[in-house]
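[1] Got a sequence here, can you model it:
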Amino acid sequence: MNIEKHEAKQMTEKELVEGCIIGKKKCQELLYQLFAGRMMNICLRYLKSKAEAEDALHDAFIKIFLNLQHFKFESTLAYWVKRVTINTILSKIKRKKIENLAVDVGEYNEDIPYVTMNEDAVVPMEVLMKMIQDLPYGQRMVFNMREIEGYKVEEVAEMLKCSNITVRTQLFKAKSKLRENIENWLKGE
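    Okay, here's the model as predicted:
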């Protein structure tokens, strides 16, 4: 069932949350419609396959609906939903023990020059998403959390239970690999 957009605009976040908590189907459908697309994009950035992303989205919305009564309106609902989704993804990956984030501290060098791309270069979103999905798990996680979600290095390190230097190293590797892939794509390789 598609909820009319004007209904969504007329309802406040508080009314929406309260409606979901008391079990109003219309409010629950509206909450899902408002956030599912954006949260699916987040899931796709972190996870390798569409099936894994759909599974994570499903798990995230179960957690969202089960814990909505704990939402205290100290942030926006969108931020809270995104945080629950990312935490669900992180838990899913940790459970699978996909890849250890530990790296040799000696691999990181802050003096390596940053390579910039031609400002006129345009890479289609689906190509860029595929490049991000193809990064190793540790690099993809750190890149998404830091560069796309906007978390600070310290926050990423805390969430992933690793050191700041590990986050910086993984971020450096991710950016280097993406830059290389973009340059190759632009050359037609």
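[2] In contact with residue 174, which residues are there?
    Shown in contact with residue 174 (Cβ atoms under 8 Å, 6 or more residues apart in numbering): 135, 139-140, 142-143. From N, CA and C alone the C-beta is placed, and that goes for glycine too.
[3] and with 6 Å instead?
    Residue 174 makes contact with 135, 139, 143, according to Cβ atoms under 6 Å, 6 or more residues apart in numbering.
[4] how about a markdown table for the residues you listed, with pLDDT and distance to residue 80 added?
    What follows is these, written out as a markdown table (pLDDT from 0 to 100; distance: Cβ to Cβ, whole Å):
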| residue | pLDDT | distance to residue 80 |
| --- | --- | --- |
| 135 | 91 | 27 |
| 139 | 91 | 27 |
| 143 | 93 | 23 |
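[5] just so I have it, where are all the helices in the protein?
    Along the chain, counting by DSSP state H, helices occupy 5-10, 13-21, 25-46, 50-67, 77-96, 125-133, 137-143, 153-160, 164-187.
[6] if you compare these, which one is most tucked away?
    Greatest average neighbour count among these goes to helix 137-143 (a mean of 24), per mean count of other Cβ atoms under 10 Å.
[7] Can I get that helix as CSV, trimmed to CA atoms?
    What follows is helix 137-143, C-alpha atoms only, in CSV (Å, rounded to 0.1, in the frame of the first residue of the first chain):
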residue,chain,number,x,y,z
TYR,A,137,35.5,-5.5,3.7
GLY,A,138,37.7,-3.6,6.0
GLN,A,139,38.4,-0.9,3.5
ARG,A,140,34.8,-0.7,2.4
MET,A,141,33.5,-0.4,6.0
VAL,A,142,35.9,2.4,6.9
PHE,A,143,35.4,4.3,3.6
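[8] for it, packing partners?
    helix 164-187 (3 or more Cβ pairs under 6 Å, 6 or more residues apart in numbering; DSSP states H and E).
[9] Point to the residue nearest the middle of this structure.
    residue 42 (3.8 Å; Cα atoms, centre = their mean).
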